[in-house]
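J.: with the sequence up front, the predicted model follows.
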Amino acid sequence: MFGAVILGFYIVIALAAPWITPHDPYAQSLVRRLRPPVWAPNGSWTYVLGTDPFGRDYLSRLIYATRTALTVAAASALAAGLIGSTLGLAAGYFRGRVDQVISLIISTRLAFPSLLIALAVLQVAGSGLWIVVVVLGLTLWDRFAVVLRTAVMQISRQDYVLAARSFGSSHMRIMFKEIAPNVFGHFLVVFSYEAGQAVLAATALSFLGLGIQAPQPTWGLMMAEGRNWLLTNPWLIANAGIALMFLVLAMNLVGDGLRDILTPNEKV
Amino acid sequence: MNKLFSAALLASTLISAPTFAQQAQNSLTWGFSSEIETLDPYVTAKRTSQLIIRNMLENLVVREPATGAAKPGLATAWKWIDPTTLEFTLRKGVTFHDGSPFTADDVVYTVNYVKNPDTKTSFGKADYGFLKSAQKVDDFTVRLILEAPTPSAVDQLTQVLFILPKASHEKLGARAFASAPIGTGPMKLEKFEPGRTTVMVKNDNYYAADWGKPRLNRITVLTIADPQTASAELSAGKVDLLWQIQPDQMQQLKQSSNVTTASGGSVAVSFLSLDAAGRSGANPLQDKNVRLAISHAIDREAIAKVLRGEASEVIVSPCHPRQFGCTQQVTKYEYNLAKAKDYMAKSNVPKNFELKISAFTDNGPVAEAIAGDLRQIGIDAKLDFRETSAWIKDLFAGNMPAAVVPWPSNGIYDVVAINPLFFTGDQGDYALDPVVMESFKKANVLNDPDERLKLYRTGYEKIANEAYVVPLMTSVTHYAYRKGLDITLPVDGYPIMYMAGWK
Amino acid sequence: MSGLIGRKLAEAALVGLIVSFATFLLVNWTGDLAISLGGMQASKEELVKLRAAYGLDRPLLVQYVDWARRALSGDLGRSFFSQEDVLPLILSRLAVTSRLALAALLVGIATAAPLGILAAIYQGKWIDHLAQTIAALSQAMPSFWSGLLLILFFGVNLKILPISGNDDWTGYIMPALALGWFVFPIMLRLLRAGMVEALSADYVRTARAKGLDPKRIVLKHALRNAVLPVVSLAAVQFGQLLGGSVVVEAVFALPGVGQLAWNSIQRADFPVVQAVVLLVAMIFVVVNLIADIINGVLDPRIRRA
């Protein structure tokens, strides 16, 4: 519940960004760089959270970065979900050979050091929001596949599925009409966790200098930039870090909540 | 949380002058941001790695840190026999770390080794292209034959041609030598772990060099990639010296009472390369008005001072003002948004066109600041940050509409070290202007200084008039080190460690 | 049991093949060794010469088969940069990262175990909520941030722990905390869930009805069952930490395999990248196989099946 409220708050902020930001998040001025936040000595209400190393308004960037974070979270988790659920659904439904092949794919994916692979891919593909989404989609799908595979296996043994089969319904029809709706809860639970993971992974990439590119506002870049002022102006890294932390927290809490409601028998 | 930070800040500023273990043992630890993969100076093109190697292997001549002048090293004297022949008198009584004596044979061997096509050097042309061969005159006299008249040869030799011991190098082979180099230098290798640490100890048999004798007993080079961690280690006392730190980091370190911060020179400059020739495909930068608009829209003064440091200067030609041939008497474009907008209006390019500015390492912030400036004149500029080798690959492939190009000129005080790659039709040339190409190509191989200057002026004037690139600023090398360290900050930005000592 | 091991080994071989081929293609697309060796100063002709010298001008498939054949005979090649043999190079770095990963697991399990058990016993009580909140919070914090905070507090402020490097075991404390912080939440959730399930299982109820000591029930019966998935998870986590500690290694300047791989990717040192990815993948498979065997021993149901 608490999680849903926070998440809702973030979504509202993201949607309302153009109306609630006090300044243009891209307006730069090296003269007014590194202004402190309002509560610090020499702070002012003009730049409530101060300015960043390029003299851009920190608060405005923080707000706009919410959009970036939510986009990355939703799009990456969706991409991962599409890949993972398709594989999980197919493995759980067809079993046998199909399951063996897909299990091998899952093992391979798990064995791959994904962060290293992501780094290598970003090195070739260049960078940008959508490239990050694709890379994260390709590295975060395993949990969808594992969870849905198990869930589908349980469900496809149930009477209504067996009945549909005996009526001669096509595989596609059974999978999407009968099974998919019943494992959607599992999908949602994994989705909310992976969305949080995606935000964190994008931040780690930013720390290493890859991923979404400046001047687009993102919390990861703000933190990576801010660490040079850890001692003199800790708010540069702290404020973006706190914004990020609460979003991931909210997503995890929503995941917990959904798990308790939708799939009470699941473990993780 | 705020309390924690202020407490930490306070703790780091109020450290009461402690006795640092390093200082007592007369040793020094250098925090290095890049990895040292090899100690073979002919495998790595990285100046940073060569800087470490320089403590163990020596060159014929040494660049004096304070003045940049060439001083005797393994050679005590030299003279020009003719424009392509340089004769060196070698120092007598010098021995390698393995005890073998240093003679002209070692110099000849080294030159032959470098010029041998089977040696896998990747940068032979840039560093050794001017050399043709070596001739032994007697045991302590050697002649270097040059490919073409090269007025800057002696200066270049302070940076290249690390003398190898003929006998040992032949016996060990390049591969074994790379991890256990044997030279004549003031320091000897004690331990080398590629990518982590290099430990060197004093060579007690070192000759009486012109600059003096080594004072440090031990130099440790430690790779610490993260700048924040490196700063913390300097404050905490594990590291004594940081090099090439960012101006912002310096501001922070200034507050530590046991740390000295200083800025020194560098021969490096940066410029913004613009694809005027359309190598990356048809693009708005082919329109001269757009290039003029960009030249007026970038607040170079602010970028230089803030991102490179107070001592950084704005340049008007894409070369270092200290380099021979780098004329500054060309058209200047001041920071003027109104003019910039006028030029944008005159051009026929679409409004808000997207422009990617590619950059690597610490040039990222420069590109980001430029992008911020260009947004003000209606260019949707974006930073395109790359890893170093990926960046170079794409720049040379002709794929970059705009790029922040930093150029170290290998520390050489002559524009011949910077213009060939960018203005003579080579891989980095995005202007491809025949006038510029012709005049630079001619001037680069001429011997007459006046004639050269005239030709360079023609070229640089054309570059400025056409606004082919936006010359940005000179680089500054920033240092932070433990109080009590006696080190001469070099004019070229590459500190010579073995000359340092504790006061 | 031996059937299981045989099948898993065959799977491992297949995984190794796919992983190595994919890595090979990827690294070859990403970088150009000649440029990273020669830097900006190298001329076009020199680049061509270099590529030929390192055999990089041959078709990719030929290069791969050549590499794979040698790898099978135990020769993983030499680093293009340091000219060192890849295997000892990686093993020395892998030792650092393995220590780090094990220490991180230890930190994660040592904090998750008591909290998880308490949370399960007092399900729905304040301690349960507290444990879950800590888990959620720690999961939401990027490791480089917690790493920097640790450095600031223990290294700069208190000066009781080394900030960087691995001169002795104390160098691993802060990185292990930063990484363990990340392992902890998922361990906690799993352990708690396992305990909750075990505590409500029939045999525990029976034991309770028999009037056995509740502490004994928890520790002997319930915990034993709850530990099974934790073993599997620890195996998975260990494998992932090996390839996922790049950031923490960077922050604490630990010369681990993550840093080696990241630097090698940047300079297109193919033999090293390839061998790191292959070894990390193989270790992942083997560790998981061991976990499966341990589970088989611990859990009679699997043993019989």
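T.: Looks like it came in fine.
J.: going by C-alpha atoms from here, please, whenever you check contacts or count neighbours.
T.: OK.
J.: show me how far stretch C:118-137 is from its chain's centre.
T.: Mean-position distance between stretch C:118-137 and its chain equals 27 Å (CA atoms, centre = their mean, to the nearest Å).
J.: looking at the chain, which helix is longest?
T.: I'll assume chain A. For chain A, the helix with the greatest residue count under DSSP state H is helix A:58-94.
J.: chain C was what I was after
T.: Longest helix in chain C, counting by DSSP H: helix C:86-121.
J.: so is it next to chain A?
T.: No: using CA under 8 Å from any CA of the partner chain, helix C:86-121 stays clear of chain A, coming no nearer than 12.7 Å.
J.: how about residue B:231: what's its closest non-neighbour residue?
T.: Computed as CA to CA, 6 or more residues apart in numbering or on different chains, the closest residue to residue B:231 that is not its neighbour in sequence is residue B:253, at 7.1 Å.
J.: what comes up buried for the helix or strand just after the longest helix of chain A?
T.: Moving toward the C-terminus from helix A:58-94, the next helix or strand (DSSP states H and E) is helix A:96-111. Along helix A:96-111, these residues count as buried under the neighbour rule (16 or more other CA atoms under 10 Å in any protein chain shown): A:99, A:102, A:103, A:104, A:105, A:106, A:107, A:108, A:109, A:110, A:111.
J.: which neighbouring elements make contact with the following helix or strand past helix A:96-111?
T.: Next in sequence after helix A:96-111, counting helices and strands by DSSP H and E, comes helix A:114-125. Packing partners of helix A:114-125 (3 or more CA pairs under 8 Å, 6 or more residues apart in numbering or on different chains; DSSP states H and E): helix A:129-139, helix C:2-30, helix C:223-244, helix C:257-266.
J.: got the angle for helix A:114-125 vs helix C:257-266?
T.: In terms of direction (axes from the mean of the first three to the mean of the last three CA atoms, to 10 degrees), helix A:114-125 departs from helix C:257-266 by 10 degrees.
J.: how about helix A:114-125: buried residues?
T.: A:114, A:115, A:116, A:117, A:118, A:119, A:120, A:121, A:122, A:123, A:124.
J.: not counting sequence-adjacent ones, nearest residue to the first one?
T.: In other words, residue A:114. Excluding the flanking residues, the one nearest residue A:114 by CA to CA, 6+ apart is residue A:139, at 6.0 Å.
J.: I'd guessed that neighbour sits against residue A:81; true?
T.: No: Residue A:139 lies out of contact with residue A:81 (CA atoms under 8 Å); the separation is 10.9 Å.
J.: of these two, who's got more company?
T.: Shown here are residue A:139 and residue A:81; by other CA atoms under 10 Å in any protein chain shown, residue A:81 has more neighbours (26 against 21).
J.: contacting residues for the more buried one?
T.: A:137, A:141, A:144, A:187, A:191 (CA atoms under 8 Å, 6 or more residues apart in numbering or on different chains).
J.: surely residue C:220 is in a strand?
T.: No: Residue C:220 is assigned helix when assessed by DSSP: H, G, I helix; E, B strand; the rest coil, not a strand.
J.: from chain A, how far off is it?
T.: Residue C:220 is 21 Å from chain A, where distance means CA to the nearest CA, to the nearest Å.
J.: how many other residues sit next to residue B:503?
T.: 10.
J.: quick one: it and residue B:485 touch, right?
T.: Yes: taking contacts as CA under 8 Å, residue B:503 lies within contact range of residue B:485: 6.1 Å.
J.: chain neighbours aside, what residue packs nearest to residue A:55?
T.: In this structure, residue A:55 finds its nearest non-sequential neighbour in residue A:33, 3.6 Å apart by CA to CA, 6+ apart.
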